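Asker: quick one, what's the 3D model for this:
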Amino acid sequence: MASGGIGRPGSRARTAIAAAVGGALLAIALAPVARAADDTSLPIPRFVTLRSEEANARTGPGTQYPIEWRFTRRGMPVEVTAQFSQWRKIRDWDGAEGWVHQSLLSGRRAVVVTGIPRTLRRRAADDASPVAQAEPGVIGRLLECDPGWCRLEIQGYRGWLKRTEFWGVYPGERIE
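Answerer: Reported below is the predicted structural model:
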């Protein structure tokens, strides 16, 4: 059984960037934007992953808005909470939000392990034999979900985790 070595989050998944104007921080607040007429018919909210190693998260939907965060983890799951034209407002598992261009996102599904080290199990049961140990912050590919468990692939290991042990699926969401 692998332990602890499946992965560690390493550096933070995002880097804060602040802009000062005359000694004061500049903040721009936007009202949530549900959809623009030319947007896709995909549901909001929905989970996706970062396609790029670096993604600038802006305070608004366009390059004219300042960069608030820089996400630096390809494959990280994020939740799309709003969209406007080619821009998507995303939120990560820590609650950080920002606008990114749609080209920086992928429709693939992934999850991030939360809390404490978690045991990936051979089947969806508490008494199932362990496959591997996953550290908090480790990203896994989402394969399928039933009401209480999801089957994941984490660095080549496949197994089941309880839905409460990671972030990246909605309550009751079935994935086949």
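
Asker: for Gly172, which residues are in contact?
Answerer: Shown in contact with Gly172 (C-beta atoms under 8 Å, 6 or more residues apart in numbering): Pro147. Glycine gets a C-beta too; all of them are placed from N, C-alpha and C.

Asker: tell me the pLDDT at it?
Answerer: Model confidence at Gly172, given as pLDDT, is 89.

Asker: where does it land in three-state SS?
Answerer: Assigned by DSSP: H, G, I helix; E, B strand; the rest coil, the conformation of Gly172 is coil.

Asker: just Ser103 next, same as before
Answerer: Going by three-state DSSP: Ser103 is helix.

Asker: same check on Leu152?
Answerer: Criterion first, three-state DSSP; result for Leu152: strand.

Asker: what about it, neighbour count?
Answerer: Using other C-beta atoms under 10 Å, the number of residues around Leu152 comes to 28.

Asker: for the one 4 residues further on, same thing?
Answerer: By the criterion of other C-beta under 10 Å, Gly156 has 8 neighbours.

Asker: what about His78, distance to Thr72?
Answerer: That one is not His; residue 78 is Val. Counting by C-beta to C-beta, to the nearest Å, the gap from Val78 to Thr72 is 13 Å.

Asker: quick one, domains of the protein?
Answerer: For the chain, the structural domains run 14-108, 111-167, going by automatic domain parsing.

Asker: among the ones you listed, which is nearest Ile175?
Answerer: domain 111-167 (4.2 Å; C-beta to C-beta).

Asker: higher neighbour count, Val78 and Thr72?
Answerer: Val78 (30 against 17).

Asker: who's that one bridged to?
Answerer: Here Val78 sits in beta bridges with Val48, going by DSSP bridges.

Asker: what residues does it make contact with?
Answerer: Phe47, Val48, Thr49, Leu50, Phe71, Ile90, Arg91, Asp92, Leu105.
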